[in-house]
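A.B. asks: kindly generate the corresponding structure for this input.
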Amino acid sequence: MQRQKHETNDGGEVGTTHVFTSMGGVEDFHQRRKRDRVLNVLLMCVEFILYPTACLFFGAFLTHTWPEFFVLVAPLGVVWFFVRKRPRVRSVRGGGRWSVMLGMSVAMIGIAGFLFSTYRIVPDVKNKVIVVYVKEHIWPPGKVTAGLFSSMKSVLGALAYGKMHGAAAVRVWLQDEYYSDPEQHSANYWGYFFEDLMLLREDITKQDCHQLEQVHFNQRWKRYGKWGGFNRVIDGMTPANYPLTYGVNRQGVNDLITKHIKLRPAVQAKIDAIRTEMSGATLALGVHYRGTDTAMHWPYVKIPYKSFFQEVDKAIQERLAEKGLLGKEAGAATIRIFVATDEQEFLEAMRSKYGAERVVSYEGSPRLTPDQYAAATEGLTNSPDVKVSNYEKGESAVVDAICLALGEHLIKSRSNVSEFSYAWNVDMAVTMLFNEVTYIPKGKF
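C.D. replies: Numbering: from 1, shown residues only. Modelled structure (predicted):
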(Lines give C-alpha, C1' and ligand atoms only; values in the text may rest on other atoms or scores of the structure.)
Protein backbone atom coordinates (compact mmCIF):
# COMPACT_ATOMS: atom_id res chain seq x y z
CA MET A 1 0.00 0.00 0.00
CA GLN A 2 1.34 3.45 -0.96
CA ARG A 3 0.33 6.82 0.54
CA GLN A 4 0.24 9.96 -1.58
CA LYS A 5 -0.42 13.51 -0.23
CA HIS A 6 -2.35 16.08 -2.33
CA GLU A 7 -4.07 19.44 -1.87
CA THR A 8 -7.69 20.11 -2.66
CA ASN A 9 -8.60 22.36 -5.60
CA ASP A 10 -9.62 25.28 -3.37
CA GLY A 11 -6.37 25.18 -1.37
CA GLY A 12 -8.00 23.54 1.64
CA GLU A 13 -6.50 21.08 4.07
CA VAL A 14 -4.13 18.40 3.05
CA GLY A 15 -5.59 14.89 3.07
CA THR A 16 -4.19 11.39 2.62
CA THR A 17 -5.14 9.05 -0.18
CA HIS A 18 -4.71 5.32 0.39
CA VAL A 19 -3.69 3.44 -2.73
CA PHE A 20 -3.68 -0.31 -2.30
CA THR A 21 -1.21 -1.92 -4.64
CA SER A 22 -1.89 -5.51 -3.59
CA MET A 23 -4.56 -7.71 -2.03
CA GLY A 24 -2.25 -8.16 0.95
CA GLY A 25 -2.52 -4.46 1.74
CA VAL A 26 -6.32 -4.61 1.64
CA GLU A 27 -6.37 -7.59 3.99
CA ASP A 28 -3.99 -5.87 6.44
CA PHE A 29 -6.20 -2.80 6.49
CA HIS A 30 -9.36 -4.81 7.25
CA GLN A 31 -7.59 -6.86 9.89
CA ARG A 32 -6.48 -3.69 11.66
CA ARG A 33 -10.01 -2.31 11.52
CA LYS A 34 -11.43 -5.56 12.88
CA ARG A 35 -8.85 -5.63 15.65
CA ASP A 36 -9.67 -2.02 16.57
CA ARG A 37 -13.37 -2.85 16.81
CA VAL A 38 -12.69 -5.77 19.15
CA LEU A 39 -10.39 -3.65 21.30
CA ASN A 40 -13.02 -0.89 21.44
CA VAL A 41 -15.68 -3.34 22.60
CA LEU A 42 -13.36 -4.77 25.25
CA LEU A 43 -12.39 -1.32 26.41
CA MET A 44 -16.04 -0.27 26.67
CA CYS A 45 -16.74 -3.35 28.83
CA VAL A 46 -13.85 -2.39 31.08
CA GLU A 47 -14.87 1.28 31.16
CA PHE A 48 -18.59 0.88 31.80
CA ILE A 49 -18.82 -2.42 33.72
CA LEU A 50 -15.64 -3.76 35.28
CA TYR A 51 -13.95 -0.47 36.10
CA PRO A 52 -16.94 1.19 37.82
CA THR A 53 -17.62 -2.03 39.75
CA ALA A 54 -14.03 -2.17 40.94
CA CYS A 55 -14.24 1.50 41.93
CA LEU A 56 -17.39 0.86 43.95
CA PHE A 57 -15.76 -1.98 45.87
CA PHE A 58 -12.61 0.07 46.37
CA GLY A 59 -14.67 2.98 47.67
CA ALA A 60 -16.46 0.69 50.10
CA PHE A 61 -13.12 -0.70 51.31
CA LEU A 62 -11.65 2.78 51.82
CA THR A 63 -14.73 3.88 53.72
CA HIS A 64 -14.45 0.86 55.98
CA THR A 65 -10.92 1.91 56.98
CA TRP A 66 -11.30 5.70 56.64
CA PRO A 67 -15.01 6.65 57.02
CA GLU A 68 -14.49 10.37 56.41
CA PHE A 69 -12.68 10.10 53.07
CA PHE A 70 -15.83 10.46 50.95
CA VAL A 71 -16.32 14.01 52.26
CA LEU A 72 -13.15 15.03 50.42
CA VAL A 73 -13.30 12.77 47.38
CA ALA A 74 -16.98 12.62 46.40
CA PRO A 75 -17.49 16.34 45.55
CA LEU A 76 -14.32 16.43 43.45
CA GLY A 77 -15.28 13.30 41.53
CA VAL A 78 -18.85 14.39 40.88
CA VAL A 79 -17.77 17.81 39.59
CA TRP A 80 -15.09 16.28 37.38
CA PHE A 81 -17.45 13.70 35.96
CA PHE A 82 -20.41 15.97 35.19
CA VAL A 83 -18.72 19.27 34.33
CA ARG A 84 -15.80 18.12 32.20
CA LYS A 85 -16.70 17.91 28.51
CA ARG A 86 -16.31 14.36 27.23
CA PRO A 87 -14.07 14.29 24.14
CA ARG A 88 -15.16 12.48 21.04
CA VAL A 89 -13.15 9.28 20.78
CA ARG A 90 -13.01 7.41 17.49
CA SER A 91 -10.25 4.96 18.32
CA VAL A 92 -8.71 3.04 21.16
CA ARG A 93 -5.65 5.21 20.60
CA GLY A 94 -7.53 8.35 21.69
CA GLY A 95 -6.14 9.72 24.93
CA GLY A 96 -9.35 11.54 25.97
CA ARG A 97 -11.04 8.34 27.06
CA TRP A 98 -8.53 7.74 29.82
CA SER A 99 -9.15 11.22 31.19
CA VAL A 100 -12.86 10.49 31.34
CA MET A 101 -12.24 7.14 33.03
CA LEU A 102 -10.09 8.83 35.63
CA GLY A 103 -12.90 11.25 36.39
CA MET A 104 -15.39 8.41 36.47
CA SER A 105 -13.23 6.42 38.88
CA VAL A 106 -13.01 9.31 41.33
CA ALA A 107 -16.78 9.83 41.08
CA MET A 108 -17.64 6.17 41.56
CA ILE A 109 -15.26 5.78 44.51
CA GLY A 110 -16.75 8.89 46.10
CA ILE A 111 -20.34 7.75 45.55
CA ALA A 112 -19.57 4.29 46.94
CA GLY A 113 -17.89 5.87 49.92
CA PHE A 114 -20.91 8.07 50.61
CA LEU A 115 -23.42 5.23 50.38
CA PHE A 116 -21.30 2.77 52.33
CA SER A 117 -20.64 5.35 55.03
CA THR A 118 -24.37 5.97 55.35
CA TYR A 119 -24.91 2.22 55.70
CA ARG A 120 -22.02 1.94 58.14
CA ILE A 121 -23.26 4.56 60.59
CA VAL A 122 -24.02 2.89 63.92
CA PRO A 123 -27.62 3.79 64.81
CA ASP A 124 -28.09 5.55 68.13
CA VAL A 125 -30.66 3.56 70.12
CA LYS A 126 -29.73 4.50 73.69
CA ASN A 127 -32.87 4.86 75.85
CA LYS A 128 -34.98 4.35 72.71
CA VAL A 129 -37.24 1.62 71.34
CA ILE A 130 -35.88 -0.41 68.42
CA VAL A 131 -38.58 -1.30 65.88
CA VAL A 132 -37.77 -4.31 63.69
CA TYR A 133 -39.34 -4.95 60.29
CA VAL A 134 -39.34 -7.81 57.80
CA LYS A 135 -36.36 -8.01 55.44
CA GLU A 136 -36.55 -7.53 51.68
CA HIS A 137 -34.55 -8.44 48.59
CA ILE A 138 -32.52 -5.65 46.99
CA TRP A 139 -34.05 -6.73 43.68
CA PRO A 140 -36.85 -6.90 42.82
CA PRO A 141 -37.83 -4.08 45.21
CA GLY A 142 -40.29 -5.04 47.92
CA LYS A 143 -39.86 -8.82 47.57
CA VAL A 144 -39.65 -10.40 51.02
CA THR A 145 -36.47 -12.38 51.58
CA ALA A 146 -37.10 -13.83 55.03
CA GLY A 147 -39.02 -16.78 56.37
CA LEU A 148 -40.33 -16.65 59.92
CA PHE A 149 -37.14 -17.93 61.55
CA SER A 150 -34.86 -15.78 59.44
CA SER A 151 -36.86 -12.90 60.88
CA MET A 152 -36.49 -14.52 64.31
CA LYS A 153 -32.72 -14.29 63.92
CA SER A 154 -33.08 -10.59 63.04
CA VAL A 155 -35.18 -10.05 66.17
CA LEU A 156 -32.60 -11.84 68.31
CA GLY A 157 -29.91 -9.69 66.68
CA ALA A 158 -31.90 -6.55 67.55
CA LEU A 159 -32.15 -7.71 71.18
CA ALA A 160 -28.39 -8.31 71.32
CA TYR A 161 -27.67 -4.96 69.64
CA GLY A 162 -30.07 -3.18 71.98
CA LYS A 163 -28.39 -4.64 75.05
CA MET A 164 -24.96 -3.60 73.77
CA HIS A 165 -26.06 -0.02 73.01
CA GLY A 166 -28.41 0.76 75.88
CA ALA A 167 -31.80 0.50 74.15
CA ALA A 168 -34.89 0.48 76.30
CA ALA A 169 -36.89 -2.12 74.38
CA VAL A 170 -37.42 -3.91 71.07
CA ARG A 171 -40.74 -3.86 69.28
CA VAL A 172 -41.40 -6.17 66.34
CA TRP A 173 -43.63 -5.47 63.35
CA LEU A 174 -43.47 -8.19 60.71
CA GLN A 175 -45.91 -8.00 57.82
CA ASP A 176 -45.74 -9.85 54.51
CA GLU A 177 -47.82 -11.92 52.11
CA TYR A 178 -46.62 -15.27 53.45
CA TYR A 179 -47.51 -15.12 57.16
CA SER A 180 -49.79 -12.12 57.73
CA ASP A 181 -53.32 -13.50 57.95
CA PRO A 182 -56.37 -11.36 57.11
CA GLU A 183 -58.47 -13.40 59.52
CA GLN A 184 -56.31 -12.39 62.47
CA HIS A 185 -56.62 -9.24 64.55
CA SER A 186 -53.49 -7.64 63.07
CA ALA A 187 -51.22 -7.78 60.02
CA ASN A 188 -48.22 -8.16 62.36
CA TYR A 189 -47.68 -11.92 62.24
CA TRP A 190 -45.01 -11.88 64.97
CA GLY A 191 -47.76 -10.98 67.43
CA TYR A 192 -49.71 -14.13 66.56
CA PHE A 193 -47.09 -16.32 68.23
CA PHE A 194 -44.94 -14.12 70.49
CA GLU A 195 -45.19 -10.97 72.58
CA ASP A 196 -44.26 -8.12 70.25
CA LEU A 197 -42.75 -5.72 72.82
CA MET A 198 -39.68 -6.90 74.75
CA LEU A 199 -38.14 -4.80 77.51
CA LEU A 200 -34.37 -4.57 77.85
CA ARG A 201 -34.32 -2.57 81.07
CA GLU A 202 -35.85 -3.44 84.41
CA ASP A 203 -36.59 0.16 85.40
CA ILE A 204 -39.25 0.73 82.73
CA THR A 205 -42.65 -0.72 81.91
CA LYS A 206 -44.39 -1.41 78.61
CA GLN A 207 -46.49 1.68 79.23
CA ASP A 208 -43.34 3.79 79.50
CA CYS A 209 -42.30 2.71 76.01
CA HIS A 210 -45.15 4.70 74.48
CA GLN A 211 -43.40 7.89 75.65
CA LEU A 212 -39.95 6.94 74.38
CA GLU A 213 -38.46 7.77 71.00
CA GLN A 214 -38.66 4.92 68.50
CA VAL A 215 -35.96 4.06 65.99
CA HIS A 216 -37.52 2.43 62.92
CA PHE A 217 -35.37 0.06 60.87
CA ASN A 218 -37.61 0.03 57.81
CA GLN A 219 -35.35 2.05 55.48
CA ARG A 220 -33.59 0.15 52.75
CA TRP A 221 -30.21 1.88 52.64
CA LYS A 222 -29.61 1.87 56.36
CA ARG A 223 -27.58 -0.36 58.58
CA TYR A 224 -29.80 -3.12 59.98
CA GLY A 225 -32.62 -1.94 57.71
CA LYS A 226 -34.74 -3.91 55.27
CA TRP A 227 -31.78 -5.06 53.17
CA GLY A 228 -30.13 -7.05 55.93
CA GLY A 229 -31.87 -6.78 59.26
CA PHE A 230 -29.94 -7.58 62.44
CA ASN A 231 -29.03 -11.10 61.30
CA ARG A 232 -25.34 -10.28 61.00
CA VAL A 233 -25.22 -9.51 64.74
CA ILE A 234 -26.07 -13.17 65.37
CA ASP A 235 -24.23 -14.71 62.42
CA GLY A 236 -21.03 -12.76 62.85
CA MET A 237 -18.78 -12.42 59.81
CA THR A 238 -19.44 -15.97 58.63
CA PRO A 239 -22.32 -16.82 56.26
CA ALA A 240 -25.48 -18.00 57.96
CA ASN A 241 -25.64 -21.72 58.81
CA TYR A 242 -22.21 -22.68 57.41
CA PRO A 243 -22.70 -24.43 59.83
CA LEU A 244 -23.88 -23.42 63.29
CA THR A 245 -21.82 -20.26 63.62
CA TYR A 246 -22.72 -17.19 65.63
CA GLY A 247 -21.52 -13.67 66.27
CA VAL A 248 -23.34 -14.28 69.56
CA ASN A 249 -22.55 -17.77 70.84
CA ARG A 250 -25.06 -20.50 71.53
CA GLN A 251 -25.39 -19.73 75.23
CA GLY A 252 -25.77 -16.02 74.49
CA VAL A 253 -28.60 -16.65 72.03
CA ASN A 254 -30.22 -19.01 74.53
CA ASP A 255 -30.14 -16.25 77.16
CA LEU A 256 -31.91 -13.89 74.76
CA ILE A 257 -34.56 -16.50 73.99
CA THR A 258 -35.12 -17.38 77.64
CA LYS A 259 -35.50 -13.76 78.79
CA HIS A 260 -37.36 -12.19 75.90
CA ILE A 261 -39.10 -14.65 73.55
CA LYS A 262 -42.47 -15.32 75.18
CA LEU A 263 -44.97 -17.64 73.52
CA ARG A 264 -48.68 -16.96 73.22
CA PRO A 265 -50.77 -19.41 75.30
CA ALA A 266 -52.42 -21.08 72.28
CA VAL A 267 -49.04 -21.97 70.80
CA GLN A 268 -47.64 -23.08 74.16
CA ALA A 269 -50.56 -25.48 74.64
CA LYS A 270 -49.77 -27.34 71.40
CA ILE A 271 -46.12 -27.64 72.34
CA ASP A 272 -47.04 -28.94 75.80
CA ALA A 273 -49.23 -31.66 74.25
CA ILE A 274 -46.27 -32.98 72.23
CA ARG A 275 -43.96 -32.63 75.24
CA THR A 276 -46.31 -34.89 77.21
CA GLU A 277 -46.30 -37.47 74.39
CA MET A 278 -42.49 -37.59 74.37
CA SER A 279 -41.81 -37.22 78.10
CA GLY A 280 -42.17 -40.87 79.09
CA ALA A 281 -39.58 -42.15 76.64
CA THR A 282 -36.20 -43.59 77.60
CA LEU A 283 -34.66 -41.58 74.77
CA ALA A 284 -36.08 -38.63 72.83
CA LEU A 285 -34.57 -37.26 69.61
CA GLY A 286 -35.39 -34.53 67.14
CA VAL A 287 -34.96 -34.89 63.37
CA HIS A 288 -35.36 -31.98 60.97
CA TYR A 289 -35.19 -32.67 57.25
CA ARG A 290 -35.61 -29.73 54.90
CA GLY A 291 -35.85 -31.04 51.38
CA THR A 292 -37.96 -29.31 48.66
CA ASP A 293 -35.78 -26.31 47.71
CA THR A 294 -32.38 -27.37 49.13
CA ALA A 295 -30.98 -28.41 45.74
CA MET A 296 -31.77 -24.88 44.47
CA HIS A 297 -29.31 -23.32 46.93
CA TRP A 298 -25.60 -23.75 47.59
CA PRO A 299 -24.11 -26.38 47.55
CA TYR A 300 -26.95 -27.46 45.22
CA VAL A 301 -27.20 -30.96 46.62
CA LYS A 302 -30.16 -32.61 48.26
CA ILE A 303 -29.18 -34.81 51.19
CA PRO A 304 -30.33 -38.43 50.71
CA TYR A 305 -32.69 -39.94 53.26
CA LYS A 306 -30.14 -42.71 53.78
CA SER A 307 -27.62 -40.21 55.19
CA PHE A 308 -30.16 -39.11 57.80
CA PHE A 309 -30.97 -42.70 58.73
CA GLN A 310 -27.27 -43.39 59.33
CA GLU A 311 -26.94 -40.41 61.67
CA VAL A 312 -30.16 -41.25 63.51
CA ASP A 313 -28.95 -44.82 64.05
CA LYS A 314 -25.62 -43.53 65.33
CA ALA A 315 -27.30 -41.05 67.69
CA ILE A 316 -29.60 -43.73 69.13
CA GLN A 317 -26.69 -46.08 69.72
CA GLU A 318 -24.52 -43.42 71.39
CA ARG A 319 -27.26 -41.98 73.60
CA LEU A 320 -28.41 -45.43 74.80
CA ALA A 321 -24.79 -46.39 75.49
CA GLU A 322 -24.45 -43.29 77.67
CA LYS A 323 -27.38 -44.58 79.70
CA GLY A 324 -25.74 -47.99 80.03
CA LEU A 325 -28.36 -49.66 77.85
CA LEU A 326 -26.78 -52.28 75.62
CA GLY A 327 -27.94 -55.44 73.88
CA LYS A 328 -31.42 -56.56 74.93
CA GLU A 329 -31.85 -53.58 77.24
CA ALA A 330 -31.26 -51.21 74.32
CA GLY A 331 -33.79 -53.13 72.24
CA ALA A 332 -36.39 -52.75 74.97
CA ALA A 333 -35.84 -49.00 75.37
CA THR A 334 -38.71 -46.66 74.62
CA ILE A 335 -37.66 -44.23 71.92
CA ARG A 336 -39.50 -41.19 70.60
CA ILE A 337 -38.32 -39.27 67.53
CA PHE A 338 -39.95 -35.92 66.79
CA VAL A 339 -39.80 -35.36 63.03
CA ALA A 340 -40.20 -31.99 61.35
CA THR A 341 -40.00 -31.90 57.56
CA ASP A 342 -41.43 -30.20 54.51
CA GLU A 343 -41.56 -33.52 52.62
CA GLN A 344 -44.35 -36.01 53.25
CA GLU A 345 -42.17 -38.77 51.79
CA PHE A 346 -39.49 -38.27 54.44
CA LEU A 347 -42.02 -38.54 57.27
CA GLU A 348 -43.37 -41.77 55.79
CA ALA A 349 -39.82 -43.11 55.33
CA MET A 350 -39.03 -42.42 59.01
CA ARG A 351 -42.22 -44.19 60.11
CA SER A 352 -41.39 -47.14 57.89
CA LYS A 353 -37.82 -47.50 59.21
CA TYR A 354 -38.27 -46.76 62.93
CA GLY A 355 -41.93 -47.64 63.45
CA ALA A 356 -44.98 -45.39 63.52
CA GLU A 357 -45.22 -45.76 67.30
CA ARG A 358 -41.77 -44.18 67.73
CA VAL A 359 -42.18 -41.27 65.31
CA VAL A 360 -43.96 -38.17 66.60
CA SER A 361 -44.92 -35.19 64.42
CA TYR A 362 -47.13 -32.14 64.56
CA GLU A 363 -50.07 -32.95 62.34
CA GLY A 364 -50.80 -29.29 61.71
CA SER A 365 -47.55 -28.86 59.75
CA PRO A 366 -47.95 -28.66 55.96
CA ARG A 367 -45.84 -31.02 53.84
CA LEU A 368 -45.32 -31.31 50.12
CA THR A 369 -45.25 -34.20 47.65
CA PRO A 370 -42.56 -34.61 44.95
CA ASP A 371 -44.63 -33.04 42.17
CA GLN A 372 -44.85 -29.86 44.30
CA TYR A 373 -41.14 -29.35 45.06
CA ALA A 374 -40.24 -27.34 41.95
CA ALA A 375 -42.61 -24.48 42.83
CA ALA A 376 -41.32 -24.27 46.42
CA THR A 377 -38.27 -22.10 45.68
CA GLU A 378 -38.14 -20.99 49.34
CA GLY A 379 -39.54 -24.14 50.87
CA LEU A 380 -42.92 -23.94 52.56
CA THR A 381 -42.68 -20.16 52.90
CA ASN A 382 -43.68 -19.39 49.31
CA SER A 383 -45.06 -22.70 48.05
CA PRO A 384 -48.40 -22.23 46.23
CA ASP A 385 -49.33 -25.79 47.23
CA VAL A 386 -49.48 -25.14 50.98
CA LYS A 387 -53.18 -25.46 51.71
CA VAL A 388 -53.27 -24.06 55.23
CA SER A 389 -53.82 -20.48 56.33
CA ASN A 390 -50.89 -18.11 56.79
CA TYR A 391 -51.46 -18.28 60.53
CA GLU A 392 -51.33 -22.10 60.56
CA LYS A 393 -48.19 -22.08 58.42
CA GLY A 394 -46.40 -19.81 60.88
CA GLU A 395 -47.74 -21.59 63.95
CA SER A 396 -46.57 -24.98 62.63
CA ALA A 397 -43.04 -23.61 62.12
CA VAL A 398 -42.94 -22.37 65.73
CA VAL A 399 -44.28 -25.66 67.12
CA ASP A 400 -41.82 -27.70 65.03
CA ALA A 401 -38.83 -25.53 66.00
CA ILE A 402 -39.43 -25.86 69.74
CA CYS A 403 -40.46 -29.53 69.72
CA LEU A 404 -37.25 -30.40 67.87
CA ALA A 405 -35.43 -29.17 70.99
CA LEU A 406 -37.33 -31.42 73.43
CA GLY A 407 -34.93 -34.33 73.06
CA GLU A 408 -31.31 -35.15 73.90
CA HIS A 409 -30.00 -35.10 70.33
CA LEU A 410 -30.99 -33.12 67.22
CA ILE A 411 -30.18 -34.36 63.72
CA LYS A 412 -30.74 -31.52 61.27
CA SER A 413 -30.15 -30.11 57.83
CA ARG A 414 -29.50 -26.48 57.01
CA SER A 415 -32.41 -24.33 58.15
CA ASN A 416 -33.11 -21.35 60.39
CA VAL A 417 -35.97 -23.34 61.95
CA SER A 418 -33.67 -25.92 63.56
CA GLU A 419 -30.98 -23.29 64.16
CA PHE A 420 -33.48 -21.86 66.64
CA SER A 421 -33.92 -25.36 68.13
CA TYR A 422 -30.14 -25.60 68.52
CA ALA A 423 -30.10 -22.38 70.55
CA TRP A 424 -33.30 -23.19 72.50
CA ASN A 425 -31.73 -26.23 74.20
CA VAL A 426 -28.01 -25.79 74.83
CA ASP A 427 -27.71 -29.16 76.58
CA MET A 428 -28.70 -31.06 73.44
CA ALA A 429 -26.18 -32.78 71.17
CA VAL A 430 -26.45 -31.73 67.53
CA THR A 431 -25.56 -33.41 64.24
CA MET A 432 -25.81 -31.20 61.17
CA LEU A 433 -25.77 -32.63 57.65
CA PHE A 434 -24.70 -30.11 55.05
CA ASN A 435 -21.79 -30.35 52.62
CA GLU A 436 -20.19 -32.30 55.48
CA VAL A 437 -21.37 -33.79 58.76
CA THR A 438 -20.79 -31.64 61.84
CA TYR A 439 -21.23 -33.06 65.32
CA ILE A 440 -21.49 -30.92 68.45
CA PRO A 441 -21.55 -32.83 71.79
CA LYS A 442 -23.92 -32.02 74.60
CA GLY A 443 -23.25 -28.72 76.29
CA LYS A 444 -20.76 -27.54 73.67
CA PHE A 445 -21.17 -24.28 71.79
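
A.B. asks: tell me the mean pLDDT over stretch 280-291?
C.D. replies: Mean pLDDT, computed over stretch 280-291, is 95.

A.B. asks: in that stretch, what's buried?
C.D. replies: Using 16 or more other CB atoms under 10 Å as the test for burial, stretch 280-291 gives 281, 283-291. Where you see a C-beta, it was placed from the backbone N, CA and C, and this is true even at glycine.

A.B. asks: for it, measure first residue to last.
C.D. replies: From its first residue to its last, stretch 280-291 covers 30 Å (CA to CA, to the nearest Å).

A.B. asks: with stretch 328-335 instead?
C.D. replies: 14 Å.

A.B. asks: and if you look at stretch 204-219?
C.D. replies: End-to-end distance (CA to CA), stretch 204-219: 28 Å.

A.B. asks: give me the contact list for it.
C.D. replies: Here stretch 204-219 makes contact (CB atoms under 8 Å, 6 or more residues apart in numbering) with 123-125, 127-133, 158, 167-169, 171, 197, 199, 224-226, 229-230.

A.B. asks: gap between that stretch and the chain center?
C.D. replies: 27 Å (CA atoms, centre = their mean, to the nearest Å).

A.B. asks: circling back: from the buried residues of stretch 280-291, which is closest to Leu148?
C.D. replies: Nearest to Leu148, judged by CB to CB, of the buried residues of stretch 280-291 is Arg290 at 13.6 Å.

A.B. asks: got a list of what the closest one touches?
C.D. replies: Contacts of Arg290 by CB under 8 Å, 6+ apart are 341-342, 379, 413-415, 417.

A.B. asks: out of the buried residues of stretch 280-291, which sit inside strands?
C.D. replies: 283-289 (DSSP state E).

A.B. asks: in JSON lines: the residues you listed, plus distance to Ala146.
C.D. replies: Shown next, in JSON lines, are those (distance: CB to CB, whole Å):
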{"residue": "Leu283", "distance to Ala146": "35"}
{"residue": "Ala284", "distance to Ala146": "30"}
{"residue": "Leu285", "distance to Ala146": "29"}
{"residue": "Gly286", "distance to Ala146": "23"}
{"residue": "Val287", "distance to Ala146": "24"}
{"residue": "His288", "distance to Ala146": "19"}
{"residue": "Tyr289", "distance to Ala146": "21"}
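
A.B. asks: and which of the residues you listed is nearest Tyr178?
C.D. replies: Using CB to CB, those come closest to Tyr178 at His288, 19.7 Å.

A.B. asks: surely Val359 meets Ser352?
C.D. replies: No. At 9.3 Å, Val359 does not count as touching Ser352 under the criterion of CB atoms under 8 Å.

A.B. asks: who has more neighbours out of the two?
C.D. replies: Val359 (20 against 10; other CB atoms under 10 Å).

A.B. asks: in the sheet, who's paired with the more buried one?
C.D. replies: Ile337 (DSSP bridges).

A.B. asks: so how far is His210 from it?
C.D. replies: Distance of Val359 to His210, given as CB to CB, to the nearest Å: 48 Å.

A.B. asks: kindly report the same for Lys314.
C.D. replies: 53 Å.

A.B. asks: more crowded one of the two?
C.D. replies: Taking neighbours as other CB under 10 Å, Lys314 and His210 compare with Lys314 leading, 15 against 10.

A.B. asks: tell me how many other residues crowd the nearest residue to Gly280 once chain neighbours are set aside.
C.D. replies: Spatial nearest neighbour of Gly280, chain neighbours left out: Thr334 (6.9 Å); criterion: CB to CB, 6 or more residues apart in numbering. Neighbour count of Thr334, defined by other CB under 10 Å: 11.

A.B. asks: how far away is Thr334 from Leu326?
C.D. replies: In terms of CB to CB, Thr334 sits 16 Å off from Leu326.

A.B. asks: can you check Ser418 too?
C.D. replies: 30 Å.

A.B. asks: same check, this time on Gln31
C.D. replies: Distance from Gln31 to Leu326, by CB to CB: 82 Å.
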